[in-house]
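Chemist: Sequence plus the predicted model coming up.
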Amino acid sequence: MNINSDINVLGSLSDFNLIISFLKENIKTSDNKVHEVQQVYSNIKTLKSFKRFKTAINNTLIKFYNPIVESLICKVINTEGISSDSLLVLFWNASINNELLNYLNQQVYFPAFYSGRVTIKTNEVVACLQELKRNEKSMLKWSDSTVNTNASKYLTLLKKFLIMKGRLNKTLERPYLNDKLLIIFVYLLLAIDSSSNLLESKWLNYCFLEKEIFIQRIMQKKFMKYFNLDYTGAKLKIETTVPYEEIYDKLK
């Protein structure tokens, strides 16, 4: 597993509008003068911290699986800015890019969400990270303090994506995918998962719907203009019918 400190860094990011600035500019620039100017207009105090945030944003939030995913996600962010919908899209993209984030989501967040629980305690995330640490060489140098900090920042980051709320005792939100988000989710799912049976996709957890409800929703007649669907009860196959570059505008 490729493990980095991005969860820790992004959990401390106070202004997600910085993401939009990086999308609009040359996000790969290493020019210190450009960084200095950008830092002045951010609320980040030091250039060193600014570079740390920029690296984490570039690696986890605005790196893209492929060009069609990039075209779709950039369209959402550039059109809507930072909104509840775009934050959910960023959560999906971050989970695609960041293996540790996806691991914690699959091991801690979604089991709690789909079992109907109300809260997730920091010590649950700590236990998950400690177990992972036993098998991951890149985590061998993680102290207990590092593990605790990453566990806490993980829950804070989920709060920034609006899928948890609260301060000390964080509780789970129940995101509802409106029709636009549901279609965007389906398109992202098809872009990153080429399996012959989508019912077996680990990414289905990210629709925040029980599998049966997800199927009922996507089989509605109003969605048939966006994709072709073949469902046999045990197998699900979907094919998009609108180019990724155009789908967001069709949904507006």
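Modeler: Here it is on my side, so go on. Everything quoted here is computed from the prediction, not taken from an experiment.

Chemist: after the longest helix along the chain, next one along is what?
Modeler: Longest helix in the chain, counting residues (DSSP state H): helix 144-160. Reading on from helix 144-160 to the C-terminus, the next helix or strand found by DSSP states H and E is strand 164-165.

Chemist: Show me how far the helix or strand just after that following strand is from its chain's centre.
Modeler: Toward the C-terminus, strand 164-165 is succeeded by strand 171-172 as the next helix or strand (DSSP H and E). Taking the mean of its C-alpha atoms, strand 171-172 sits 17 Å from the chain's own mean (C-alpha atoms, centre = their mean, to the nearest Å).

Chemist: Counting by contacts, list what the longest helix of the chain packs against.
Modeler: With contacts defined as 3 or more C-beta pairs under 8 Å, 6 or more residues apart in numbering; DSSP states H and E, the packing partners of helix 144-160 are helix 6-10, helix 99-104, helix 122-133, strand 164-165. The way it works is simple: take the backbone N, C-alpha and C, and place the C-beta from them, glycine included.

Chemist: got the contact list for stretch 115-135?
Modeler: Contacting residues not belonging to stretch 115-135 are listed as 1, 103-104, 107-109, 112, 139-140, 142, 147-148, 150-152, 154-155, 164, 169-172 [C-beta atoms under 8 Å, 6 or more residues apart in numbering].

Chemist: again, 6 Å this time
Modeler: Stretch 115-135 has contacts (C-beta atoms under 6 Å, 6 or more residues apart in numbering) with 107-108, 112, 139, 142, 147-148, 151-152, 154, 171.

Chemist: So how do I select the buried members of those residues in ChimeraX?
Modeler: Buried residues within those, by 16 or more other C-beta atoms under 10 Å, are selected in ChimeraX with:
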select :107,108,112,139,142,147,148,151,152,154
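
Chemist: Appreciated, that's everything.
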